[in-house]
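# show me the folded form of this:
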Amino acid sequence: MTLKLFKQRILFLPLFLQRRKWPWLAEKLCYFFLRLQPNHPELLHQLVRILAVRGQTGKVIRFLRSSLQHSPDNPYLHSSLGSALLSCQRFEDGVTHLRKALELKPKMIGPLLDLGNGLNQLGRKESAMDCLRQVITLEPTFANGYYNMGTVLMADNQPSAAITYFEKANRLNPNLANVHIGMGNAFTQLGRFKEAEESMLRGLALEPRHASAICGLSQLKSRGQSSLHLENLEKLLEEGHFSIFDQTIMHFSLAKAYMDMGKGELGFNFLTRGNQLRRAIFHYESNNDSAFFNRIIQSFDSHLFEQRKGCGSPSRVPIFIVGMPRSGTTLVEQIIASHSQVFGAGEGEGLWHLTNEMALLTKSKKGFPEGVGEISQKQWHDLALAYEGGLRVEAMDAEHVTDKMPHNFMNIGLIHLMFPNAVIIHCRREPVDTCLSIYMQIFSGHHPYAYDLAELGAHYRLYDGVMRHWRQVLPNRLLEVQYEQMVAEPEAMARKIISGCGLSWEDACLDFHKSKRPVNTASLIQVRQPIYNSSVGRWKKYQQQLKPLLDALGPLAPELANRDESQSTHG
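As a prediction, the model looks like this:
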């Protein structure tokens, strides 16, 4: 073996030690080698991975920032720092450093790949795809380029296109567990559960400790899976050596399995720990949300709507579905999208892009929400046309297109000014059941309030407050749909929804669970099944554990919560 080859191979010793469950030694060896070869790109990459698995990403970020003070134009330091920042969900900062790395040294595959991932997380899917197209052009035999393109297409609600890229990645390298798991997730979105299970199992065969695969199979439990690998999953958790995110999804997976088995107390313990891990990655203060909600209420007053009466577009093409997450929005969209004249576009981000750019439209450069009073009638009309044009890209010739972004409940005033004739459906559900269902989910988007019971209750009260405001300033504007009524009387409520959208009845709307349209939300399994009532009143099994939530909800908490009638946590 030549000296050069020996040096190349010895640099991979830290990663070898990490895999042999000696992470502390792997870390020390990385620092030792970096003193010998400062800023070596492969060593920096290994250090990021090792410390991320140990839950010490903050430590590597401090190390890299310190190194950058001495070498501010080192592209490898910027690349490694960007990767580390992405791993702890600091996407904007991560993207900034990755762009700097590519500015200093263009066409680096690693930073391009990471930049695509970061932009995808920020919802900038077209830009993410541009990065990954560059990766594929530069390295056409690099399997991860195709895999990452598949993940962006999944986020863009294009699972069929994603499968094409996953298959290309698999042909190039059939031993990548992530590729098989990605295909499993795509098949799940399409309702092809048997193929989803087979793909997940192939991924697990390649990487038995893959937390996402175990979690994915747990999600498929109702399609014939038992509580798969439950004991092994606990053992894996005890062994450690998982990233914070993997630990989080393993806790959530165990919580779901035990709760499904009727072991509620044990399940809730895992759920609490999983939420604590998830909450720790966010810099969030509920006071900021409270201030923002108040600014919306103050900006969208009755005077504004009177002053801007008749503005916007008369189009009825968009159908907006809003409400708290887990309140039945996906179910309602699936019913409507089963109609032959409707295209279900899923969770569109068009309105949020508009709010982010509002300062460009106002003379005073005021942003959202304060700037809404400066938008002219013509501008509202132009904004509506641009928004509807964006919907039409996917919807082709459909007479109506749904936009089911739950948190657009904050934008109801904006929707009304753009589309005064469009249907706005507000989905409601019993407050504690809604919050418990949120608490049991790991969301892919930015929902920092969701992982702490007291903060979740506070956020629900803000939602309730802004909805009361909309009813006051825009009376009779909303089509209200109560989840519990939907469960009790599915046909009657489905007919009410279809009629409220100005559509004639079609029987397919009651067979929504047979629809082949892709679904990319936390409810993607449930909407492939007929309506069930097992989640109604579920919170009563966990009343003792939910006390922080009940206290935060205050007057919105059910009267039953103040009694001692339902204290069991074992049902």
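# identify the residues contacting stretch 143-163?
109, 113, 116-117, 120, 125, 128-129, 132-133, 135-136, 139, 164-166, 168-170, 172-173, 176, 178-179, 182-183, 185-187, 189-190, 345-347, 444, 518, 520 (C-beta atoms under 8 Å, 6 or more residues apart in numbering). For glycine as for every other residue, the C-beta is placed from the backbone atoms N, C-alpha and C.
# and those, which of them are buried?
For these, burial is judged from neighbour counts taken by 16 or more other C-beta atoms under 10 Å, and it is met by 113, 116-117, 120, 125, 128-129, 132, 135-136, 165-166, 168-170, 172, 176, 178-179, 182-183, 185-187, 189-190, 345-347, 518, 520.
# how many neighbouring residues does the residue nearest to Gly457 when sequence neighbours are not counted have?
Nearest in space to Gly457, with sequence neighbours left out and distances taken as C-beta to C-beta, 6 or more residues apart in numbering, is Ala552 at 2.6 Å. The burial count assigned to Ala552 is 22, neighbours taken as other C-beta atoms under 10 Å.
# mind listing what Ala552 touches?
Neighbour list for Ala552: Leu453, Ala454, Glu455, Leu456, Gly457, Ala458, Tyr460, Arg461 [criterion: C-beta under 8 Å, 6+ apart].
# at 10 Å what do you get?
Taking C-beta atoms under 10 Å, 6 or more residues apart in numbering as the definition of contact, the neighbours of Ala552 are 286, 435, 452-461, 546.
# dump the helix or strand hosting it to CSV, keeping only the CA atoms.
For Ala552, the host element (DSSP states H and E) is helix 547-553. Backbone C-alpha positions of helix 547-553 (Å, rounded to 0.1, in the frame of the first residue of the first chain) are rendered in CSV as follows:
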residue,chain,number,x,y,z
LYS,A,547,-53.4,19.0,32.3
PRO,A,548,-51.0,21.6,30.9
LEU,A,549,-53.0,21.8,27.7
LEU,A,550,-56.3,22.0,29.5
ASP,A,551,-55.0,24.8,31.7
ALA,A,552,-53.7,26.7,28.7
LEU,A,553,-57.0,26.3,26.8
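# let me have the contacts of Ala552 in JSON lines, extended by distance to Ser338.
JSON lines is the format used below for the contacts of Ala552 (distance: C-beta to C-beta, whole Å):
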{"residue": "Ser286", "distance to Ser338": "38"}
{"residue": "Cys435", "distance to Ser338": "29"}
{"residue": "Asp452", "distance to Ser338": "37"}
{"residue": "Leu453", "distance to Ser338": "35"}
{"residue": "Ala454", "distance to Ser338": "39"}
{"residue": "Glu455", "distance to Ser338": "36"}
{"residue": "Leu456", "distance to Ser338": "32"}
{"residue": "Gly457", "distance to Ser338": "34"}
{"residue": "Ala458", "distance to Ser338": "36"}
{"residue": "His459", "distance to Ser338": "31"}
{"residue": "Tyr460", "distance to Ser338": "30"}
{"residue": "Arg461", "distance to Ser338": "34"}
{"residue": "Leu546", "distance to Ser338": "35"}
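# ok, and the most crowded of those?
With neighbours set by other C-beta under 10 Å, the maximum within the contacts of Ala552 is found at Cys435, which has 28 neighbours.
# pretty sure it sits against Arg538.
No: taking C-beta atoms under 10 Å as the contact criterion, Cys435 and Arg538 are not neighbours in contact, 11.1 Å apart.
# which elements pack onto the host helix or strand of Ser83?
Element membership for Ser83 (DSSP H and E) is helix 75-87. Other elements packing on helix 75-87 under the criterion 3 or more C-beta pairs under 10 Å, 6 or more residues apart in numbering; DSSP states H and E are helix 41-53, helix 57-70, helix 91-104, helix 109-121.
# just want the angle from it to helix 109-121.
Computed by axes from the mean of the first three to the mean of the last three C-alpha atoms, to 10 degrees, the angle separating helix 75-87 from helix 109-121 equals 30 degrees.
# what about helix 75-87, average pLDDT?
Predicted confidence along helix 75-87 averages 88 (mean pLDDT).
# tell me the angle that helix makes with helix 91-104.
Here helix 75-87 runs at an angle of 160 degrees relative to helix 91-104 (the same axes, to 10 degrees).
# got the contact list for the helix or strand hosting Met486?
In the assignment (DSSP H and E), Met486 maps to helix 483-488. Residues lying outside helix 483-488 but in contact with it, judged by C-beta under 10 Å, 6+ apart, are 323, 326-329, 331-332, 335, 427-430, 433-434, 437, 482, 492-494, 496-497, 531-537.
# what's the spacing between the following helix or strand past it and its chain's center?
If you walk from helix 483-488 toward the C-terminus, the next helix or strand you reach (DSSP H and E) is helix 490-500. With C-alpha atoms, centre = their mean, to the nearest Å as the basis, the distance from the averaged C-alpha position of helix 490-500 to the chain average is 29 Å.
# in this protein, which helix or strand is least confident?
Using mean pLDDT, DSSP states H and E, the weakest-scoring helix or strand in the chain turns out to be helix 3-10, at a mean of 42.
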